[in-house]
Structures are given as C-alpha cells and as structure tokens.
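Q: predicted model follows, preceded by the sequence.
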Amino acid sequence: MIYLGADHAGWHLKEELKKYLKELGYEYEDLGNQELDSQDDYPDFAVAVAKKVAGTEHQGILVCATGLGMCLAANKVKGVRAAVAWDEFTALQSKEHNNVNILCLAGKVLDVETAKKIVRNWLETEFTGGQRHLRRLNKIKELE
C-alpha cells in the first residue's frame, strides 16, 4: 500500500500521481487533502501518512511546494525515513542506500512527467542492504 498526502501546494501533483499509480497497478490511499484548500497545513498530512507507514512495509508519497516541509514533519515520526527527491538519481539513492519509506516531492518545482519518472524509479528500486548502509541506518535509528 502507498499512502499519499499533499497540502494545497502539492494537491494538483498528488491528483496526477493518483492516476499514474493506478495506471502502474499500485494500490494507494489518499490521506488528504481531499480538496484544494489554501488554509491547510502540511504537517497534518505528513503525520497522517507517516503514522500509516511507520513500522510497516507500506510506503508513502508526500507533496508540498518544495517537499521540504513534508519531509521535516514526516521524519519526526519514529520509524520513518523520509527524503526529498528532485530527480531520478536522488530517488534511486534514497531507496538503495537509505531505505527511505516516504518520498517527498516538490509540487511547485517538478513538472508532472518528471515527478512520474521519480516516483516510478523510487517504487521500482530496492534497498541494497549491506553492512555499510545498515550500520549507518542503525546509527540514525539510535537517534530516535
């Protein structure tokens, strides 16, 4: 399951990604915002998605203006490893090396086609594991 969340700055991109995920055959649940509302607050959606993802095999995708606010908020939830990806390479590295479980995207920076490439790359990439990456992730986990 992929959990989605976006504030008003990421709402349009989230709606496009829902269609794309369906086209790719992924199951998803939209945790909001359900309508375009400029008075919403990105931490509300980041935490909703993060709580569903933490401690599970599920993944999340969050979208705000830059991806940064969502990333900051989501990473406050224990068990979440969220990262912003602006291109296919950062998406790949976030999954291969950091086992990121929430992808954060910039709705005001990325065009739809680029975002689709990033999402697909991220979803299709596996964590490579290995002592080096596990050692580093364990150090991060100790901070929780």
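A: Everything's here; your move.
Q: tell me the secondary structure for the residue nearest the centre of the chain?
A: Nearest to the geometric centre of the chain sits Leu103, at 2.1 Å (CA atoms, centre = their mean). Put simply, Leu103 is strand when judged by DSSP: H, G, I helix; E, B strand; the rest coil.
Q: where do the strands of the protein begin and end?
A: Secondary structure of the chain (DSSP state E): strands at 2-6, 28-30, 59-64, 82-84, 102-106.
Q: the first one: partners in the sheet, and parallel or antiparallel?
A: Spelled out, it's strand 2-6. strand 28-30 (parallel), strand 59-64 (parallel) (DSSP bridges).
Q: try the last one
A: When pairs are called by DSSP bridges, strand 102-106 turns out to pair with strand 59-64 (parallel), strand 82-84 (parallel).
Q: related to what we said a few turns ago, which one of the strands of the chain lies closest to Glu113?
A: strand 102-106 (12.8 Å; CB to CB). Using the backbone N, CA and C atoms, a C-beta is placed for each residue, glycine as well.
Q: dump the C-alpha coordinates for the closest one into PDB.
A: In PDB, the C-alpha atoms belonging to strand 102-106 read as follows (Å, rounded to 0.1, in the frame of the first residue of the first chain):
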ATOM      1  CA  ILE A 102       8.400   8.100   2.300                       C
ATOM      2  CA  LEU A 103       9.200  10.000  -0.800                       C
ATOM      3  CA  CYS A 104       8.600  13.800  -0.600                       C
ATOM      4  CA  LEU A 105       8.100  15.800  -3.800                       C
ATOM      5  CA  ALA A 106       8.100  19.500  -4.800                       C
END
